[in-house]
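**Q** structure, please.
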Amino acid sequence: MFSWLKTKRRERALATHAIPDEDWQRALHELPFLDRYAPPLIARLRELATLFLVEKSITSGAEEGEHALEVTPHMRIVIAIQACVLLLGKQGSVTDAIEDYATFENVIVYPGDFPRSMDFEDEYGVVHQLDEPIAGESWERGPVLLSWPAVEAGYVESGMSLVIHEFAHKLDMLNGEIDGMPPLPAEKVEPFRKAITEAYEDFCIHVDANEDTPIDPYAAEAIDEFFAVTCEVFFEEPELLRLEYPDYFAVLGGYFAIDPILGKPF
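**A** Numbering: from 1, shown residues only. Sure, this is the predicted structure:
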């Protein structure tokens with residue numbers, strides 16, 4: 001009964017909260033990687049983004065003070081589109097597809113990088129506290145945190161697609177572990193694990209050798225970061241990922257059910 005009511009509520013939201021044409025086109029213009037996508041997929045993306053905007057609170061993390069940030073409707077649409085492109089190829093209705101983001105409610109946007117404090121233990125057993133500025137973070141069953149300047153810069157300017165990165169982490173978390181493995185049918189788990197592990201290990205060899213890599217070396221931090229970074233590349237610069245790691249590109253395409261080069265279902 002609850003699932004039926006949720007579906008009906010989402011269907012009503014699609015009918016009553018459509019993103020205005022002018023606002024939609026303005027946001028698409030700022031995301032050129034979507035130019036290659038077929039009109040039916042863009043229409044589906046618009047519906048997904050509509051549901052995202054209805055169901056998620058996208059608010060400022062700095063509402064007062066010298067560096068206060070007002071989160072505008074345009075900013076919300078740009079974030080929603082990039083978050084939902086990861087769900088674009090998912091089978092079934094958009095009301096079902098958006099369920100992958102049902103585990104959280106809030107996206108918090110900051111006027112710049114924000115501090116993160118974390119404790120870690122060194123090889124001698126001594127616990128240290130690390131304070132560092134970061135541009136984004138995803139909390140398990142909690143909010144997604146984003147630096148707006150990093151979002152606004154986009155992949156073409158910065159080589160980073162922050163929204164895709166953080167929402168890839170959200171998909172990774174759905175199976176209960178942050179390990180670079182999104183939820184997959186049983187028969188696809190081992191092929192995916194084999195492809196991502198081989199690609200990650202090869203990538204780490206190049207990074208450890210201090211080689212220049214066409215993919216952001218941050219991807220070598222851990223396999224979950226490799227997954228998130230390569231999801232950015234999969235959507236923004238798919239030819240590069242296919243060239244570097246064709247087997248991994250293929251299993252990512254199977255998971256997302258999208259061919260990001262041709263802009264059509266996989």
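**Q** the stretch 51-200 of the chain: strands as residue ranges?
**A** Secondary structure of the stretch 51-200 of the chain (DSSP state E, counting those that start in this stretch): strands at 57-60, 106-110, 114-121, 127-134, 136-138, 144-147.
**Q** least reliable of the ones you listed going by mean pLDDT?
**A** Here the lowest mean pLDDT among these goes to strand 114-121, at a mean of 59.
**Q** for Tyr245, the count of nearby residues, please.
**A** 22 (other C-beta atoms under 10 Å). For every residue, glycine as well, the C-beta is placed using N, CA and C.
**Q** nearest spatial neighbour of it, skipping sequence neighbours?
**A** Ala199 (4.1 Å; C-beta to C-beta, 6 or more residues apart in numbering).
**Q** ok, the one you found to Met181 distance?
**A** 13 Å (C-beta to C-beta, to the nearest Å).
**Q** how about His74?
**A** Distance from His74 to Met181, by C-beta to C-beta: 35 Å.
**Q** out of those two, which sits in the busier spot?
**A** Met181 (20 against 12).
**Q** find the residue closest to the residue nearest to the spatial centre of the chain in space, skipping its chain neighbours.
**A** Centre of the chain computed as the mean C-alpha position; nearest residue by C-alpha atoms, centre = their mean is Ile164, 2.5 Å away. Nearest in space to Ile164, with sequence neighbours left out and distances taken as C-beta to C-beta, 6+ apart, is Glu232 at 4.9 Å.
**Q** where's that neighbour, which helix or strand?
**A** helix 223-236 (DSSP states H and E).
**Q** which strands or helices does that helix pack on?
**A** When contacts are defined as 3 or more C-beta pairs under 8 Å, 6 or more residues apart in numbering; DSSP states H and E, helix 223-236 packs onto helix 162-172, helix 186-208, helix 238-244, helix 246-256.
**Q** okay, angle between the first one and strand 106-110 too, please.
**A** Which is helix 162-172. Counting by axes from the mean of the first three to the mean of the last three C-alpha atoms, to 10 degrees, helix 162-172 points 150 degrees away from the direction of strand 106-110.
**Q** which stretches of this protein have low pLDDT?
**A** For the chain, the stretches flagged by pLDDT under 70 are 1-2, 116-131.
**Q** outline the domain layout of it.
**A** According to automatic domain parsing, the chain comprises the domains 1-176, 179-266.
**Q** out of the helices and strands packed on helix 223-236, which one sits most buried?
**A** Of all the helices and strands packed on helix 223-236, helix 162-172 has the most neighbours on average by mean count of other C-beta atoms under 10 Å, namely a mean of 24.
**Q** and that one, how far out from the chain's middle?
**A** 3 Å (C-alpha atoms, centre = their mean, to the nearest Å).
**Q** report the angle between that helix and helix 246-256.
**A** Going by the same axes, to 10 degrees, helix 162-172 makes 80 degrees with helix 246-256.
**Q** give the other helices and strands that helix 162-172 contacts.
**A** By 3+ C-beta pairs under 8 Å, 6+ apart, helix 162-172 packs against helix 73-84, strand 136-138, strand 144-147, helix 148-158, helix 223-236.
**Q** dump the ones you listed into TSV; add distance to Asp247 as well.
**A** Shown next, in TSV, are the helices and strands packed on helix 162-172 (distance: least, C-beta to C-beta, whole Å):
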stretch	distance to Asp247
helix 73-84	26
strand 136-138	27
strand 144-147	30
helix 148-158	23
helix 223-236	12
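**Q** next, the buried residues of stretch 98-113.
**A** 98-101, 104, 107-111 (16 or more other C-beta atoms under 10 Å).
**Q** most widely separated two among those?
**A** Glu99 and Pro111 (31.7 Å; C-beta to C-beta).
**Q** do you know how far the closest residue to Val94 other than its chain neighbours is from Val107?
**A** Distance criterion C-beta to C-beta, 6+ apart; nearest residue to Val94, sequence neighbours excluded, is Glu47 at 4.5 Å. According to C-beta to C-beta, Glu47 and Val107 sit 19 Å apart.
**Q** got it, and Ala15?
**A** Applying C-beta to C-beta to Ala15 and Val107 gives a distance of 24 Å.
**Q** check Thr213 too.
**A** 30 Å.
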